[in-house]
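*Asks:* build me a model:
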Amino acid sequence: MNHLTIVDHPLVQHKLSVMRRASTPSNQFRQLLREISHLLAYEVTRDLPMTSERIETPVCAMDAPMLDGKKLALVSILRAGNGLLDGVLELIPSARVGFVGLYRDEETLEPVQYYFKVPEGMDERMVIAVDPMLATGNSSAAAIDLLKESGAKNIKFLCLLAAPEGVARMKEAHPDVQIVTASLDERLDEKGYIVPGLGDAGDRMFGTK
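*Replies:* Sure thing, here's the model as predicted:
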């Protein structure tokens, strides 16, 4: 599946296993999510455009590699996306930030939009949408729809966990969007939760039920 990248780095996998434990408290869960987001960010930004700039080191002059083009845009799919957003933003503090507010109707499992705000010039930026869980894929696909309507053309999707059903839904709706995740889990249960998963990421981040 060349539209899916699984980051199997040992540190990522270890931290994810600790997050999966039902006994892991919210404060540790948030910290681990922040740490993992740093590691995932290296992979999702691997092909950022580069240029060179003439600089002076303490020894000599050189043509040094530098990022090129407009600053990238990080878009959090609320509310759980903020957990990944904070970590990636620490690594790329110059990035522009947007938000997509969606919640999942628990009966239909379909997304309902309540907020949308993104930076200008989306057509000229690499856009990274972040949400810890790619479950049914309905909310994620809807969020990408909105980003494309805003002009975004170069979009990646960063998540902590993905279910095969969500990956298939995203590939069907947006085959041009690369998915980067720490794990492709087994399946969804009858309530649309990822199995084995880690529960509701938002609830575990913020201590809500």
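
*Asks:* could you point out the longest helix in this structure?
*Replies:* For the chain, the longest helix by residue count, based on DSSP state H, is helix 26-44.

*Asks:* name the residues of it that are buried.
*Replies:* 29, 30, 32, 33, 34, 36, 37, 39, 40, 41, 43, 44 (16 or more other C-beta atoms under 10 Å). To be clear about C-beta, it is placed using only N, CA and C from the backbone, and glycine gets the same treatment.

*Asks:* so the last one touches residue 181, yeah?
*Replies:* So the one you mean is residue 44. No. With contact defined as C-beta atoms under 8 Å, residue 44 does not count as touching residue 181 (9.8 Å).

*Asks:* joint contacts of these two?
*Replies:* residue 158 (C-beta atoms under 8 Å, 6 or more residues apart in numbering).

*Asks:* rewinding a little: quick one: average confidence on the longest helix of the chain?
*Replies:* Averaging pLDDT along helix 26-44 gives 93.

*Asks:* I'd like the next helix or strand past it.
*Replies:* strand 50-56 (DSSP states H and E).

*Asks:* which helices and strands does that following strand pack with?
*Replies:* strand 61-67 (3 or more C-beta pairs under 8 Å, 6 or more residues apart in numbering; DSSP states H and E).

*Asks:* could I have the CA atoms of the strand it packs on written out in CSV?
*Replies:* Taking Å, rounded to 0.1, in the frame of the first residue of the first chain, the C-alpha atoms of strand 61-67 are listed here in CSV:
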residue,chain,number,x,y,z
ALA,A,61,31.7,29.7,3.4
MET,A,62,29.3,27.0,2.1
ASP,A,63,26.1,26.5,0.2
ALA,A,64,23.9,25.2,3.0
PRO,A,65,20.5,23.3,2.6
MET,A,66,17.5,25.3,3.7
LEU,A,67,13.7,24.8,3.5
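
*Asks:* sorry, back to before: quick one: the longest helix of the chain to chain centroid distance?
*Replies:* 11 Å (C-alpha atoms, centre = their mean, to the nearest Å).

*Asks:* cool, and stretch 200-209?
*Replies:* The answer for stretch 200-209 is 17 Å, by C-alpha atoms, centre = their mean.

*Asks:* what's the mean pLDDT across it?
*Replies:* pLDDT averaged over stretch 200-209 gives 82.

*Asks:* so which residues make contact with it?
*Replies:* 19, 24, 26, 29-30, 33, 79-80, 83, 132-133, 160, 193, 198.

*Asks:* the same query, at a cut-off of 7 Å, please.
*Replies:* By C-beta atoms under 7 Å, 6 or more residues apart in numbering, the residues outside stretch 200-209 that reach it are 26, 29, 30, 33, 79, 80, 83, 132, 133, 198.

*Asks:* buried stuff in that stretch?
*Replies:* 201, 202, 204, 205, 206.

*Asks:* packing partners for the longest helix of the chain?
*Replies:* helix 10-20, helix 81-91, strand 154-162, strand 178-184, helix 201-206 (3 or more C-beta pairs under 7 Å, 6 or more residues apart in numbering; DSSP states H and E).

*Asks:* is it true that residue 135 touches residue 189?
*Replies:* No. Applying C-beta atoms under 7 Å as the test, residue 135 and residue 189 come out as separate, 9.8 Å apart.
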